[in-house]
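>>> when you get a sec, could you give me coordinates for this:
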Amino acid sequence: MSLFVILNLGVFALLLAWLAHRRRGGAPLSSTVLVGLLAGVVLGAALQAAYGHGHPAVAATIDWVGVVGGGYVRLLQMIVMPLVLVSILSAVTRLDDARALGRISAGVLGVLMLTTAVSAAIGIGVARLFRLSADGLVQGARELEQGAAIQAKAGDAAGLDVPRLLLSFIPTNPYADLAGSRPTSIIGVVIFAVLLGFAALALRRESPETGARVIDAMDAVQKLVTQLVRMVIRLTPYGVLALMTKVVATSNPQDILRLGGFVAASYVGLGLILMAHAALLALTGINPVRHFREVWPVLTFAFSSRSSAAAIPLNVEAQTRRLGVPPAIANFAASFGATIGQNGCAGLYPAMLAMMIAPSVGIDPTAPQFLATLVLVVTLGSFGIAGVGGGATFAAIVVLSALDLPIALAGLLISIEPLIDMGRTAVNVSGAMTAGAVTSRVLGQTETVPEREPVIATAVPTAHTGWRRIAAR
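Residues are numbered from 1 along each chain as shown. This is a model prediction of the structure:
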């Protein structure tokens, strides 16, 4: 290890110690996460300025910094499946009316589909506003390689239809789904937890004493997993610092400048989607300013980690503790939002790509029929990508294939993919939390949360209302 790498890591260690000192001094988690993000940007930019892009000292530094960032992401991924399983299982056993589960699912999926359609329309608008086109984009070695890889992946999406998609949601091996072996594993775990909850309710009706013991055991496991989640979430500022350092230090400024128009258009579109989320929240009586203030740490993590699935624990925690959303709705929204109706990856991005590529094959992108078809295909495709692995790449494959547009041209943006994917992921997670908050409010199940919580709030079951808030130090 060179002296330069040791000095770089020393600076990184001092920043970690500074964040820890802030937390011990009573600084809120949300503000410490923001400070960690800004510190990561500064450190990453400093590494770029001092050594230049691709320098061996930067690569060696990032390898060690990645232990902190990657380790934090792995811890969150570790608790995703246990959290989804026990939270939904416990929530179902507390439902007075099983039909409420249908209303929750319909509400969450309805909001996700609506916001995805709006995202597609925004993608069309910003593509026209910035006059984006695939003509003139450079096809270097990386672009050609990515285009070939996308062509190869297209086979996974071929032949996907609604019956097969729905069948893929049903788990055949719950243990395999808990290990995340399939693209639809999260939905499979949700379905397994719901069925197991119904079985517990049936057992309580047939044998009240045995059923009560089973449900009490489920509650105990849920409290254990929830405590584990909170332990991991406390590490968020350090993980965000490491992740942002890596992103900024490894970004290529030349690629960003070359494709700056698409980057700018993407972030304008993502900002407009967040405004659409705010409008939807306001229409249902939710204060958008307070909503985004409470969920800011989750969006910050999603931005720096580029993983909607890894953000599920923070997503659920923010909805239940900060927004007053019942655990059942929060878990459904977070789980479905990570695989279905991703506003950034499956809404905005494929719509922008289609608008860019259409003129290259002689299609008028302003034709009303093309625009209507594009919005419809993007909206339905955002549901379908859950059956083939999710993510922006498969969303692009599904949409471009349905419109008979060349798939390989999507590889032209590989050099800036990480940069725009950060914003897309944050918007995906925002859409999921918006779906949870709106569904909870429309169904009249939102609990009142104090404007400022001086202590940790925990959702606990009650005999009358189902859920209330208590404060625990």
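
>>> phi first, then psi, for R234.
phi -60, psi -20 (degrees, to the nearest 10).

>>> what residues sit buried inside stretch 108-120?
108-109, 111-120 (16 or more other C-beta atoms under 10 Å). No exception for glycine: its C-beta is placed from N, CA and C like everyone else's.

>>> avg pLDDT for that stretch?
Mean pLDDT, stretch 108-120: 94.

>>> which residues touch that stretch?
Residues outside stretch 108-120 that contact it (C-beta atoms under 8 Å, 6 or more residues apart in numbering): 269, 273, 276-277, 280, 329, 332-333, 336-337, 340-344, 346-348, 350-351, 374-375, 378-379, 382-383, 427, 431-432, 434-436, 438-439.

>>> ok, now stretch 281-288?
So stretch 281-288 is contacted by 277-279, 291, 434, 437-438, 441-442 (C-beta under 8 Å, 6+ apart).

>>> any chance of these in CSV, with secondary structure, neighbour count and pLDDT too?
Output for those, formatted as CSV (DSSP: H, G, I helix; E, B strand; the rest coil; neighbours: other C-beta atoms under 10 Å; pLDDT from 0 to 100):
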residue, secondary structure, neighbour count, pLDDT
H277, helix, 26, 97
A278, helix, 18, 97
A279, helix, 11, 97
H291, helix, 21, 96
T434, helix, 30, 97
A437, helix, 29, 97
V438, helix, 27, 97
R441, helix, 20, 95
V442, helix, 15, 95
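
>>> for I420, state which of those is nearest.
Closest to I420 out of the contacts of stretch 281-288 is H277 (18.5 Å), distances taken as C-beta to C-beta.

>>> and the closest one, what does it touch?
115, 288, 430-431, 434.

>>> from those residues, which ones fall inside helices?
115, 288, 430-431, 434 (DSSP state H).

>>> export those residues as JSON lines, with columns for distance to P208.
What follows is the ones in helices among the contacts of H277, written out as JSON lines (distance: C-beta to C-beta, whole Å):
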{"residue": "T115", "distance to P208": "43"}
{"residue": "P288", "distance to P208": "45"}
{"residue": "S430", "distance to P208": "43"}
{"residue": "G431", "distance to P208": "41"}
{"residue": "T434", "distance to P208": "40"}
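
>>> what segments of the stretch 51-200 of the chain are helices?
Using DSSP state H, counting those that start in this stretch, the helices of the stretch 51-200 of the chain run over residues 56-93, 99-129, 141-157, 162-169, 174-178, 185-206.

>>> return the distance of the longest one from the chain's centre.
In other words, helix 56-93. 13 Å (C-alpha atoms, centre = their mean, to the nearest Å).

>>> please shift the residue numbers so they start at 257 in all later answers.
All right, first residue 257 from here; so that's helix 312-349.

>>> tell me the angle it makes with helix 355-385.
Following axes from the mean of the first three to the mean of the last three C-alpha atoms, to 10 degrees, one obtains 150 degrees for the angle between helix 312-349 and helix 355-385.

>>> G637 against A651, yeah?
Yes - G637 lies in contact with A651 (C-beta atoms under 8 Å); the separation is 6.2 Å.

>>> which one among the buried residues of stretch 364-376 gets closest to L271?
S375 (35.3 Å).

>>> distance of that closest one relative to V694?
From S375 across to V694, the span is 15 Å (C-beta to C-beta, to the nearest Å).

>>> same thing with I344?
19 Å.

>>> and A566, that's in a strand?
No - A566 is assigned coil when assessed by DSSP: H, G, I helix; E, B strand; the rest coil, not a strand.

>>> backbone phi and psi for it, please?
Torsion angles, degrees, to the nearest 10, at A566: phi -70, psi -20.

>>> what about it, how many neighbours?
25 (other C-beta atoms under 10 Å).

>>> pretty sure it sits against I335.
No - assessed by C-beta under 8 Å, A566 is found out of contact with I335, at 9.7 Å.

>>> which neighbours do these two share?
Contacts common to A566 and I335, judged by C-beta under 8 Å, 6+ apart, are absent.

>>> T704: helix or strand, and which one exactly?
Per DSSP states H and E: T704 is located in neither a helix nor a strand.

>>> separation between it and P662?
Distance of T704 to P662, given as C-beta to C-beta: 53 Å.

>>> next: S361.
Taken as C-beta to C-beta, the span from S361 to P662 is 37 Å.

>>> ok, the two, which is more surrounded?
Each of S361 and P662 has its neighbours counted (other C-beta under 10 Å); S361 has more, 17 against 14.

>>> who touches the more buried one in this structure?
By C-beta under 8 Å, 6+ apart, the neighbours of S361 are 588, 592.

>>> ok so, going back, among the contacts of stretch 364-376, which are located in helices?
Those of the contacts of stretch 364-376 lying in helices (DSSP H): 525, 529, 532-533, 536, 585, 588-589, 592-593, 606-607, 630-631, 634-635, 638-639, 683, 687-688, 690-692, 694-695.

>>> what subset of the residues you listed is buried?
525, 529, 532-533, 536, 585, 588-589, 592-593, 606-607, 630-631, 634-635, 638-639, 683, 687-688, 690-692, 694-695.

>>> before we move on, what SS does I542 have?
Secondary structure assignment for I542 (three-state DSSP): coil.

>>> and it, its phi and psi?
Residue torsions, per degrees, to the nearest 10, at I542 are phi -100, psi 140.

>>> distance of it relative to T690?
9 Å.

>>> please apply the same query to S286.
If you go by C-beta to C-beta, the gap between S286 and T690 works out to 18 Å.

>>> cool, and L357?
Taking C-beta to C-beta, one finds L357 at 20 Å from T690.

>>> again, but for A468
Counting by C-beta to C-beta - A468 and T690 are separated by 37 Å.

>>> T288 in helix, strand or coil?
Per three-state DSSP, T288 ends up helix.

>>> any idea which helix or strand carries the residue nearest to it when sequence neighbours are not counted?
Distances taken as C-beta to C-beta, 6 or more residues apart in numbering put P493 closest to T288, at 4.4 Å, once the chain neighbours are dropped. Assigned by DSSP H and E, P493 belongs to helix 492-506.
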